[in-house]
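[1] Provided below are the primary sequence and the corresponding predicted coordinates.
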Amino acid sequence: MLRFLFVVLLSLSAAPAVAAAGPVLVLGDSLSAAYGISPKEGWVSLLDARLASAKPMRQVVNASISGETSAGGLARLPALLKEHAPGIVVVELGANDGLRGLPLAQVRANLKAILEAVRDAGARAVLVGIELPVNYGPQYRDGLRELYRGLAIEFNVPLVPFLLEGVALDPALMQDDGLHPRAAAEPRVLENVWKVLEPALAQSRAEGRRP
């Protein structure tokens, strides 16, 4: 009997560790849904590949939809939280709201409700900001930029100031519509997210080891 228990314990200790943390859920729009390129070339798929080889491994769930707004993301979020029980939620929404010129107060209210839902579900949020084309005027563009900054401070969450930093102003990296990155730009987009997401992942792992 003792020999049997020893063999069982030995086999358990030799088994590969399985990450207990919940997946990374990406709640976004076409910028995260790999619009106009192969899904495997998008930054979320690149993130999935990176985390699949990490220790501990962490799954990535891409819940991004082209054309999604902050209101649409908010409506879908409760079911996503229930189904996937994520550890981290990357919130990349607001671009389509801005392109439609929706009132900033409405956009802020939706994003605030999303961050509240993520917090109440026991997950951590990473907020991703976006910049609008210059023809939208400085008042609206500055207001949207400040909206992300203010929410990040209010909820004490990490902020990616501009998802397309280093990409949006380079025609060689953008599709013909001037709004979506080419496949060649997606690794840079991932790095913009990764430099903010990586510390959040590390903190999440540290919190998971606490007694």
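    Looks like it came in fine. Numbering: from 1, shown residues only.

[2] who does the top helix by length along the chain touch, helix- and strand-wise?
    Looking across the chain with DSSP state H, the single longest helix is helix 186-208. Helices and strands touching helix 186-208, by 3 or more CB pairs under 8 Å, 6 or more residues apart in numbering; DSSP states H and E, are helix 43-52, strand 88-92, strand 124-128, strand 159-160. (C-beta placed from N, C-alpha, C; glycine too.)

[3] go again using 10 Å as the cut-off
    strand 24-28, helix 43-52, strand 88-92, strand 124-128, strand 159-160 (3 or more CB pairs under 10 Å, 6 or more residues apart in numbering; DSSP states H and E).

[4] what about the residue nearest to V189 when sequence neighbours are not counted, how many residues close to it?
    Of all residues not flanking V189 in the chain, W43 sits nearest, at 4.2 Å (CB to CB, 6 or more residues apart in numbering). Look at W43: counted by other CB atoms under 10 Å, it has 26 neighbours.

[5] Can you verify my assumption that W43 contacts A34?
    Yes. When contacts are counted by CB atoms under 10 Å, W43 is listed as touching A34 (8.0 Å).

[6] overlap in contacts of the two?
    62, 181, 186 (CB atoms under 10 Å, 6 or more residues apart in numbering).

[7] The last one: how many residues sit nearby?
    Summarising burial for E186: neighbours were counted as other CB under 10 Å, giving 23.

[8] residue contacts, V160?
    90-92, 126-130, 148, 152, 189, 192-197.

[9] For it, give the beta-bridge partners.
    V128 (DSSP bridges).

[10] and the gap between it and A172?
    As defined by CB to CB, to the nearest Å, V160 lies at a distance of 22 Å from A172.

[11] for V118, same thing?
    In terms of CB to CB, V118 sits 36 Å off from A172.

[12] which of those two has more neighbours?
    Comparing V118 with A172 by other CB under 10 Å, the one with more neighbours is V118, at 25 against 8.

[13] nearest spatial neighbour of D177, skipping sequence neighbours?
    D177 sits nearest to G36 (CB to CB, 6+ apart), 7.8 Å away.

[14] I meant to write D97 there.
    V107 (4.5 Å).

[15] per-residue confidence at the residue positioned nearest the centre of the chain?
    Central residue of the chain (CA atoms, centre = their mean): V90, 2.3 Å from the mean position. V90 is assigned a predicted lDDT (pLDDT) of 98.

[16] How about the one 4 residues further on?
    At G94 the predicted local distance difference test score is 98.

[17] And R210, by the same measure?
    For R210, the predicted pLDDT is 43.

[18] what sits against the residue nearest to V189?
    Per CB under 10 Å, 6+ apart, neighbours of W43: 26, 28, 31-32, 34, 62, 92, 163, 181, 185-194.
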